[in-house]
Every structure is written in structure tokens, then in C-alpha cells.
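Q: Sharing a model that was predicted from the sequence below.
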Amino acid sequence: MKNNHVTTLEIDLNAIDFNFNYFKSKIHKTTKVLVVVKAFGYGSSAIEIAKLLETKVAYFAVAYLDEGIALRNAGIKTPILVLHPQKNNFKKIIEYHLEPNIYSLPLLNSFIEVTKNLNFQSYPIHLKFNTGLNRLGFTENNISEISSIVNNQEEIIIKSIFSHIAASEDLNERTFTLQQITSFNTISSTLIQQLKNTPFKHMLNTSGILNYASEAQFDMVRLGIGLYGFGNDETQTKNLINVLTLKSVISQIHTIEEGETVGYNRAFKAILTIKTATIPIGHADGISRQFGNEIGYVYINNKKAQIVGNICMDMIMVNITDIDCNEGDEVLIYKNQQHIESLAKAINTIPYELLTAISQRVGRVLK
Ligand SMILES: *Cc1c(COP(=O)(O)O)cnc(C)c1O
């Protein structure tokens, strides 16, 4: 994982452990935990997180096949749910003992076909039901066809049934969320009545755990962003510990005289003399160009330094006129959760997007 780029993403494994235990304390002792490590563990390191937590979780989940293969190649033996498998992945999914989310009748039939050809029995699959997110999932109308298909074969077994809440973080949508939960309860009990085995059930993501643990905990929860220290609001985030710090150093300091410009397209024009620092991180590292022109800021020696001019592919320039600093000094591009939340807000997005955008060029360093 290490490379020689001076810009690094530090990952605090103790903080991950703390946050994991925090969410465990919010649920019953018997409720299983699935940790979602899709998208390189939200931009951190899926493999390191999986190694850290493999003895403590019932499941990991990834979005795509390759992410699951990477975990298996790293020696992870824990069950892994593939949230968005594709038909042409099914053979590989089985080869790597990954468990697919099956969300439609064509997928169900084709997965059974593949397991049949490979002479498998009771291969574990998971069924997803759409209760209002309208993204992936069977509907209530599919139940009788699902059970007749499943009861007439032995190649697969439904290990769990699940659904996903559309607005678990937003208490203004509580009525809608409770409808989703009711609908999931109806669907799952109807289906289970018709099946020969009893799959376990799950519905909650991080903000679901924080807001609906009493209504929809079921048998397992699916923890993602919370592991990295993000709750639904500032107060909840304060109960968690920061995991990710994106760090760099000052490459060069410039004095920009009145009338001079900084960066591409001459986007910044000095009306007074200022000092800038050039930092080796750019949009190719995941720093959105939207942060240019004083929208984003970094920390140098505990002071905010605003981004000046346009973000380059490999560099940014920041205003250090009022900061006592030297070439080689440390720069915090993402200092902590509060910094990431404020930056995300400034460009009208969410921390998830900033974390997962940090490109693979940035070395990951475990702390
Ligand atoms: C990504 C994902 C999660 C995790 O969500 P967080 O909000 O990060 O906790 C849970 N379930 C599904 C189906 C997902 O796609």
C-alpha cells in the first residue's frame, strides 16, 4: 500500500475499533454486524479494515465482485455479501465463495442455473426487497414466484432477506421510513411462511442504527460510514473518533505581488501582496475542482489556509499570508470529520463522496 508520494491518508485503526464498539453498544448483544467495505473501505483500505474486524463481524459487504475477490486474495475467510453482482460474475462469485444479493427473478433463475451447472447444493444467497428506495430489489408481488422457484430446487438457499431505507438519516422522513419498515415486516413474514428454511433479516445502515435501532434492528445491521467516525449530525459525530487524516507538505512558498495571478486561467488575481504555498495534491488525488477559488481550505500549523485559484491535476495553491510556516511543513488537507463535513457542505455534497474520491495514488498509512 505504501508509496513515495508525500501526500498520504492516515488510517487510525484504534479509532475504527472504538467506533465499531460504539455502534455495537447501540444494538443488542445478539444482533449480528455486517461491515460494509465497498469502494476500498470508503476510500481507506478495505483489506486492513477487514483484517482488523474479521473476528468481530458476521459479514462483510462489497458492492462489486472485484472488491470481494481482493478480500479473499488477502486471506479474509468471513462471509462476504456482494451487493451489486452482475449476471456474468456468477461463476466467479461462486469460485471465491462470495454470496450474491439477488434482487430480481431473472437474476434468481440465472444464479440457480449457474449453481446447477457447477453441481452446488444449498449455495447461500441473499434477497433484497425494494420498500421505497426504488434502486434495487424484488417487490411484494414477486413473493409467490420466488417461493415456488426456491422450493423446487436444492442448489441455493436463501440465507437472508433485506431492504434498504431511503432516508434513515432524516427524521423529517420518519413517517415514510416507518412505512418502509412495516412493508419489510409484511414482505419478510409472508415469504418466510412459504419457505422451508428461515432466513435472517436486516435493514439498517449507519444512520438507521442511530435512528431506528428499536424499530428495525432485526437480526443484523449494516455498518458503513459510522466506522469512519461520521454520525448523522455534529453531536453524534462528537461521540465518534476521527479515523482518516489526509496529509501533505508544503513544496514551495511564493510571494505574489499586487497584480500578479496564481494558477491556471489566471483565476486568482492579487489585489494586495500575498504569500502562497504550493501543495502536492490535486484533482487527480480526489480534490474536486469545485474546491478552487476560496471554497476549500486546508490547515497549516493549526490555521486555516484557503485554496487560491483553480485546483491543478497534481497541486493546489493556498493562501498563507497570515500563517507562520516554511517549505516542508505539514499540511492537513482533511484534518478530521468536522473538517470533512464542512468541506462537503461547501460544495453541496456529503462526506461519503469526499472519502471515496481520494484516489489510489495517495498512499494509505496505518496508524
Ligand atoms: C453502502 C450500504 C450500506 C452502508 O451504508 P452507511 O450509510 O455507510 O452505513 C448499507 N447497506 C447497503 C445496501 C449499502 O449499499
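A: In hand now; what should we look at? Numbering: from 1, shown residues only.
Q: Let's see the lowest-mean-pLDDT helix or strand in the chain as PDB, backbone CA atoms only.
A: Here the helix or strand of the chain ranked lowest by mean pLDDT, DSSP states H and E is helix 234-238, holding a mean of 91. Provided in PDB are the C-alpha atoms of helix 234-238 (Å, rounded to 0.1, in the frame of the first residue of the first chain):
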ATOM      1  CA  GLU A 234     -22.400  17.200  14.800                       C
ATOM      2  CA  THR A 235     -23.500  15.900  18.200                       C
ATOM      3  CA  GLN A 236     -23.400  12.200  17.100                       C
ATOM      4  CA  THR A 237     -20.200  12.700  15.300                       C
ATOM      5  CA  LYS A 238     -18.600  14.000  18.500                       C
END
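Q: Which neighbouring elements make contact with the next helix or strand after that helix?
A: Going down the chain from helix 234-238, the next helix or strand is strand 244-249, by DSSP states H and E. Contacts defined by 3 or more CB pairs under 8 Å, 6 or more residues apart in numbering; DSSP states H and E place strand 244-249 against strand 8-11, strand 330-334. For every residue, glycine as well, the C-beta is placed using N, CA and C.
Q: Give me the contact list for whichever helix or strand comes after the longest one.
A: Going back to what we said before, that points to strand 330-334. Per DSSP H and E, the first helix or strand lying C-terminal to strand 330-334 is helix 337-346. Residues outside helix 337-346 that contact it (CB atoms under 8 Å, 6 or more residues apart in numbering): 228-230, 234, 237, 240, 242, 244, 291, 295-297, 299, 332, 334, 350-351, 353-355.
Q: Which parts of this structure belong to which domain?
A: Under the assignment automatic domain parsing, the domains of the chain span 13-230, 244-366.
Q: T7: which of these is closest?
A: Ranking the domains of the chain by proximity to T7 (CB to CB) places domain 244-366 first, at 4.1 Å.
Q: and the end-to-end length of that closest one?
A: This stretch, domain 244-366, spans 10 Å end to end (CA to CA, to the nearest Å).
Q: Mind giving me the ChimeraX command for buried ones among the contacts of helix 337-346?
A: Selection of buried members from the contacts of helix 337-346 for ChimeraX, criterion 16 or more other CB atoms under 10 Å:
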select :228,229,230,237,240,242,244,291,296,297,299,332,334,351,354,355
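Q: The ligand next: which of the contacts of helix 337-346 are close?
A: By CB under 6 Å from any ligand atom, no member of the contacts of helix 337-346 lies near the ligand.
Q: In the protein, what residue lies closest to the ligand?
A: The nearest approach of the chain to the ligand comes at G224, 2.2 Å away (CB to the nearest ligand atom).
Q: which non-adjacent residue is nearest that residue?
A: Closest residue to G224 apart from its sequence neighbours, by CB to CB, 6 or more residues apart in numbering: V36 at 3.9 Å.
Q: Please check which residues sit opposite that neighbour as beta-bridge partners.
A: Using DSSP bridges, the beta-bridge partners of V36 come out as A61.
Q: Number the residues from 28 up from this point.
A: Okay, using 28 as the starting number, the last item reads as V63.
Q: number of nearby residues for it?
A: Using other CB atoms under 10 Å, V63 has 23 neighbouring residues.
Q: for the stretch 278-394 of the chain, what spans make up the strands?
A: Under the criterion DSSP state E, counting those that start in this stretch, the stretch 278-394 of the chain contains strands at 279-283, 288-289, 295-296, 301-306, 324-327, 330-335, 343-346, 357-361, 390-393.
Q: can you list the ones you listed in a markdown table and add mean pLDDT?
A: Below are the strands of the stretch 278-394 of the chain laid out as a markdown table (pLDDT from 0 to 100):
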| stretch | mean pLDDT |
| --- | --- |
| strand 279-283 | 98 |
| strand 288-289 | 98 |
| strand 295-296 | 98 |
| strand 301-306 | 98 |
| strand 324-327 | 98 |
| strand 330-335 | 98 |
| strand 343-346 | 98 |
| strand 357-361 | 98 |
| strand 390-393 | 96 |
